[in-house]
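Student: coords please:
(one chain, ligands or ions: 2)
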Amino acid sequence: MPSYRGQRRSQNEIHHVAQYDRQQGLEKIHEHCGFRHRESLACFLLELKSAWPIYIPKRASALSCYDSCYCPRIPGMLELSTPVQYVKGVGPRVAAILAGKGIHTVGELLHYLPFRYEDRLNPRGISELRPGEMATVIAEVRSSGLFRTRRMPIFQLTVGQGRSRLRCLWFNATYLQDKFIPGQMIALYGKVEEDPRSRELQIIQPQIEMLGDASADGNGVEKKAAESLEIGRIVPIYEAVGRLTSRWFRHAIHTALDNLTPDLPEPIPAAVRAHLGLISARAALWNVHWPEPGESFDALQSSRTPAHLRLIFDELFFVELGLELKRRQLKAQTGIAFRLDERVRTAIKKILPFHPTAAQKKVLQEIAGDMQKPYPMRRLLQGDVGSGKTIVGFEAAIIAIENGSQVALMAPTEILAQQHYFSARRILENAGYRIVLLTGSLEADRKREVRRHIAQGNAQLVIGTHALLEEKVEFANLGLVIVDEQHRFGVMQRLKLMKKSGEAAPVERTPAEPDVLVMTATPIPRTLALTLYGDLDLSVLNELPPGRTPIATHCIADDQSPKVWEFLRKQVSAGHQAYVVYPVIAENEESELKAAIKMYRELSGKIFADLKVGLLHGRLDATLKEQVMRMFQRGELQILVATTVIEVGVDVPNATVMVIEHAERFGLAQLHQLRGRIGRGGAKSYCILMTGGKVSEEGQRRLDAMVKTNDGFQIAELDLELRGPGEFFGTRQAGIPSFRIANLIRDAQLLEAAKREAAAVIAGPDQEISAEEISRALVHMRARWQHTYGLVEVA
Ligand code: ADP
Ligand code: MG
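Tutor: Numbers count the residues shown, from 1 in each chain. Ligands and ions are numbered 1, 2, ... in the order given. Purely as a prediction, here's the structure:
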């Protein structure tokens, strides 16, 4: 900012400044025009105010007045944090539209990236166009008009370059009438096709942009400037927002870049940038919108230019930095250092009903290692369905119990909690451990009693649903929390759960945070594990218990159902059991229920009238549910007709058939979970996916994937690809980092690099990274995280 003294300013200018001050306050001006010292700014304004009477015109935008007075003379005023309405041409109304898109600051505007680029440096001549190609054409409007066919009105536009002409058509586009003036230059982008009748080339419904500034009547300079952004270069194309067109963004972003402060802070330490060959933040912002001449067009379209890579890394790096910091902070907390001596080892060995697999041994070692440490464990145990997580959880429980602590085991459904309770009793009660079940459906008296046992420390292993969190359960001495099928809890619940597990222990007696082990059967693609669960340490059960034969999966149209029922009957007469599952239909539990009940009547009353068929759905009351489940477990029911309540966790090794009706309606993760209910014993198992009616293309891809592979990780990767990270867990959940630029599938490698570099930065300072750089990075990270996710509380 040049000193105002000695510089003559018109009364007009000064009045604008003063007015601006009134409306926006000192703070904003200070920020806006880059006064280094607030005092000098304040003096300046005070002097102004006393010198000039203030007159505020009614509707003038103070900001744009201010900008037009001062912008040209004060270069580089915008900071990334400057509110977006300080960009020239953005008034309060436009700012409101932008805010709807999450664009509040200059930085956010600059991160609104083009979704594609047009090569208007070498636009195609009409005469060189080939049918089938996507092309950008710059041409002159010749004629246009609407003609009506019997089916719909069609708008036709003819453009030309010299003698060549090209026809463009829009269906039902009466709104285009009167839009085009002959002689006007226009850019078109679309797929070139050959009209089957006339054999002439045409583009159907191209994207269009009028070139030149039609509103700048006659002002040659402005017109030239506008044109220079539109043609003769690679041009960024933005998604329009309301009435803000791609073209509008192009100009606004160009203006913002022009006025961006020259000393843009560089939050990524120099050494990190050097390792990865990253360009500066400023260059990245310029080039991503306005590529350098000669930039590869393919690299631009696939977001692989140095500018893109820098911005993507930026995004990933600060997420990883936050997660890394969180891991560190956790390790600074007081936990319980459990002892793992011979006595405890013997106790574990005593309960094991089978030889653990090598993978089970390995993950137990990792868990036990954490539990012995003086800080709290936060570990995610990830293992495909049927890989044997339960027993690992029990082993961890014994370590805690043998050290005199209580353990809470939480399951997402009552059915699963009950099942865990029964197997815990089967496996652990002989060894003398005291186990209780606490679910929402217990009678009040019983509940009270159980709670008392927990509070007095009599109960050593407490198994329950999230009622464990919500009811006022006080533990005498909680040392370990195990969360089964944790993906079902959702991210926010997980955070709450971890917090609660800390609160649950009365502070006076145990200042230590309990250990937390979360188990999930939804294999999480590594990229997601690194972000969503990046604050957890990861153990993977990558081996199934011995003696399993792979499940055979078949996809069959439901008009073939007699064959399916015949097959099912054969399996049952061989002594096995079967599930028949009905889907959630359009999230409508009511109709799902009806369908399942109808199916049950048909199967139990007609088709399998001679067999024992049970029905299980969410609306049954808890005792009935339990009864049905137990009967199925004991083999007293041969066929279980169910809704998706059996999706997770249920373990009946004798069941060998899973029939899923309307399989095309299920998500991949769900199909895989359901299939995971079979193939748990030694006998060959079969999953039959029945489809009814028309299957969408994506539905078919899901079914194909199921038939092709049993590998949960492959399925999860595909699922992530089909649904995108936000939807991966069924519904959008707060707390999943949402990336603007990065793409977890495409950018997996950069993510790994970001994680590595973040760890190195947090471990610093060293010769490469200075303490100052680290604190700068942390401050930046904190600002980003604070309004995105509440996952990190940085001291
Ligand atoms: P999930 O990982 O899906 O929770 P479970 O813990 O329910 O899997 O285990 C699946 C089945 O495999 C259960 O019947 C369990 O008893 C059995 N199982 C687990 N580990 C072993 C092992 N090492 N050897 C044999 N059977 C095992
Ligand atoms: Mg399980």
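Student: Helices along the stretch 401-550 of the chain, start to end?
Tutor: Counting by DSSP state H, counting those that start in this stretch, the stretch 401-550 of the chain has helices at residues 414-428, 444-456, 467-470, 491-504, 526-531.
Student: Return the residues of the stretch 551-700 of the chain in contact with ligand 1.
Tutor: Residues of the stretch 551-700 of the chain lying near ligand 1 by Cβ under 6 Å from any ligand atom: 651, 653, 680. Bear in mind the C-beta positions are built from the backbone N, C-alpha and C, glycine included.
Student: In helices only, show me those residues.
Tutor: Assignment to helices by DSSP state H places none of those there.
Student: Go through those and give me the one with the most neighbours.
Tutor: When neighbours are counted as other Cβ atoms under 10 Å, the busiest of these turns out to be residue 680, with 22 neighbours.
Student: For the nearest residue to that residue once chain neighbours are set aside, give me phi and psi.
Tutor: What sits nearest to residue 680 in space, not counting adjacent residues and going by Cβ to Cβ, 6 or more residues apart in numbering, is residue 653, at 4.3 Å. Taking degrees, to the nearest 10, you get phi -60, psi -20 for the backbone angles of residue 653.
Student: ditto for residue 170
Tutor: Torsion angles at residue 170 (phi, psi; degrees, to the nearest 10) stand at phi -130, psi 130.
Student: wait, isn't it in contact with residue 155?
Tutor: Yes - with contact taken as Cβ atoms under 8 Å, residue 170 and residue 155 are classed as touching, separated by 4.4 Å.
Student: least reliable of the helices of the stretch 401-550 of the chain going by mean pLDDT?
Tutor: Sorting those by mean pLDDT places helix 491-504 lowest, at a mean of 52.
Student: Which residues are in contact with residue 779?
Tutor: The contact partners of residue 779, taken as Cβ atoms under 8 Å, 6 or more residues apart in numbering, are residue 267.
Student: Please disregard the earlier target; I meant residue 399.
Tutor: Applying Cβ under 8 Å, 6+ apart, we find residue 399 in contact with 338, 340, 344, 348, 368, 371, 480.
Student: Please indicate which of those has the highest neighbour count?
Tutor: Of those, with other Cβ under 10 Å as the count, residue 480 tops at 28 neighbours.
Student: now that residue: how far from residue 394?
Tutor: Here residue 480 is placed at a distance of 11 Å from residue 394 (Cβ to Cβ, to the nearest Å).
Student: Quick one: find the helix or strand in this structure with the lowest mean pLDDT.
Tutor: Comparing every helix and strand of the chain by mean pLDDT, DSSP states H and E singles out helix 62-70 as the least confident one, with a mean of 32.
Student: Show me what the very next helix or strand once past that one is in contact with.
Tutor: Following the chain from helix 62-70 toward its C-terminal end, the next helix or strand by DSSP states H and E is helix 92-100. Helix 92-100 is contacted from outside by 61, 83-85, 90, 104, 109, 241-244, using Cβ under 8 Å, 6+ apart.
Student: Looking at the residue nearest to residue 680 now. What's its pLDDT?
Tutor: For residue 653, pLDDT reads 88.
Student: export the contacts of residue 399 to JSON lines and tack on secondary structure, pLDDT and distance to ligand 1?
Tutor: Below are the contacts of residue 399 laid out as JSON lines (DSSP: H, G, I helix; E, B strand; the rest coil; pLDDT from 0 to 100; distance: Cβ to the nearest ligand atom, whole Å):
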{"residue": "338", "secondary structure": "coil", "pLDDT": "95", "distance to ligand 1": "22"}
{"residue": "340", "secondary structure": "coil", "pLDDT": "93", "distance to ligand 1": "20"}
{"residue": "344", "secondary structure": "helix", "pLDDT": "94", "distance to ligand 1": "20"}
{"residue": "348", "secondary structure": "helix", "pLDDT": "93", "distance to ligand 1": "13"}
{"residue": "368", "secondary structure": "helix", "pLDDT": "96", "distance to ligand 1": "17"}
{"residue": "371", "secondary structure": "helix", "pLDDT": "95", "distance to ligand 1": "20"}
{"residue": "480", "secondary structure": "strand", "pLDDT": "93", "distance to ligand 1": "17"}
